[in-house]
Each structure stands twice: as structure tokens, then as C-alpha cells.
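Participant: Here is my input, please return the structure:
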Amino acid sequence: QVQLVESGGGLVQAGGSLRLSCAASGRTFSRSAMAWFRQAPGKEREFVSAIWGGGSTYYADSVKGRFTISRDSAKNTVYLQMNSLKPEDTAVYSCAARWTYSGSYSTNWYEYTSWGQGTQVTVSS
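Facilitator: Below is the predicted model of the structure:
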């Protein structure tokens, strides 16, 4: 059984940085896509970023140029470096994983089969 455990959330002022981690156990990254989603109060879950294959990445327009996703396969851990944070980045951030033959990513949350518990990120103005 796959387990995803996030860490690294917290409270930060606008313009600051945080790094989220997602440690996976129970399955390797082979043919997987790992993604970060976020959900703010009263809003739908939103795709943030994904990493798949040999290290290909994709970002939502709202975070492009500010967030960086990366992966350490030896540690089975995915990271989300968040810089230049804005109050509108405030949300619960969750990592997710899916395994397919192609190992490709998706921006749709319902196409991911494993989820972490989420970590709160709060950006004050």
C-alpha cells in the first residue's frame, strides 16, 4: 500500500519561501507521475505542479516562475520549492501519485490514486 506523507507547511509573510516535501513509501517512482494540488477554503482543488518520467515538469500558470518541483528518487521524495509567496497561495497543499503505463501526468485530481494528508500553507500580507 502506497503512503504519501507531506511536511514543510507553515506560516510565512508575503514574498517569503517554503519548501514542501512528500515522502512516498510502498512503491517506487517508476512509471509514476507525482503532483501537488492545493485547496483554499471555499474553493475547488487546484492543480499546482507535476513531475514525471525522467524529470519532466509542468506548472499551473499561477505558480510558474515562482514554484519549482523536484524529485529525489533515492529518497522516494518529491519537493515543492515555493518562492515569492503571495496571500493567494494560502491553501492546504497535498501531494498525489498515479501510476500508468506511460507514466504521464494529469492536471485532474481524480486521475491520481494515492494522496497525502495535506499540509497547511498560510501566507500573510
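Participant: From here on, just use CA atoms for contacts and neighbour counts.
Facilitator: Fine.
Participant: For Glu46, give its distance to Val78.
Facilitator: 18 Å (CA to CA, to the nearest Å).
Participant: what sits opposite Ser70 in the beta ladder?
Facilitator: Tyr79 (DSSP bridges).
Participant: related to what we said a few turns ago, and Glu46 and Val78? Which one has more around it.
Facilitator: Val78 (24 against 17; other CA atoms under 10 Å).
Participant: and the more buried one, how far is that from Ser124?
Facilitator: Distance, Val78 to Ser124, using CA to CA: 25 Å.
Participant: ok, now Gln13?
Facilitator: The separation that Gln13 has from Ser124, given CA to CA, amounts to 5 Å.
Participant: Just say helix, strand or coil for Tyr110.
Facilitator: Recorded secondary structure, Tyr110: helix (DSSP: H, G, I helix; E, B strand; the rest coil).
Participant: burial measure for it, as a count.
Facilitator: By the measure other CA under 10 Å, the count of residues near Tyr110 is 9.
Participant: any idea how far Phe37 is from it?
Facilitator: Counting by CA to CA, the gap from Tyr110 to Phe37 is 11 Å.
Participant: So, low pLDDT: which residues of this protein?
Facilitator: Counting by pLDDT under 70, the chain shows no low-confidence range.
Participant: Just grab the bridge partners of the most centrally placed residue in the chain for me.
Facilitator: By CA atoms, centre = their mean, the chain has its centre lying nearest to Trp36, at 2.1 Å. For Trp36, the beta-bridge partners are Ser49, Cys95 (DSSP bridges).
Participant: ok, the closest residue to Asp72 other than its chain neighbours - contacts?
Facilitator: The shortest distance from Asp72 to any non-neighbouring residue, by CA to CA, 6 or more residues apart in numbering, is to Val78 (6.3 Å). Residues near Val78 by CA atoms under 8 Å, 6 or more residues apart in numbering: 21-23, 34, 69-72.
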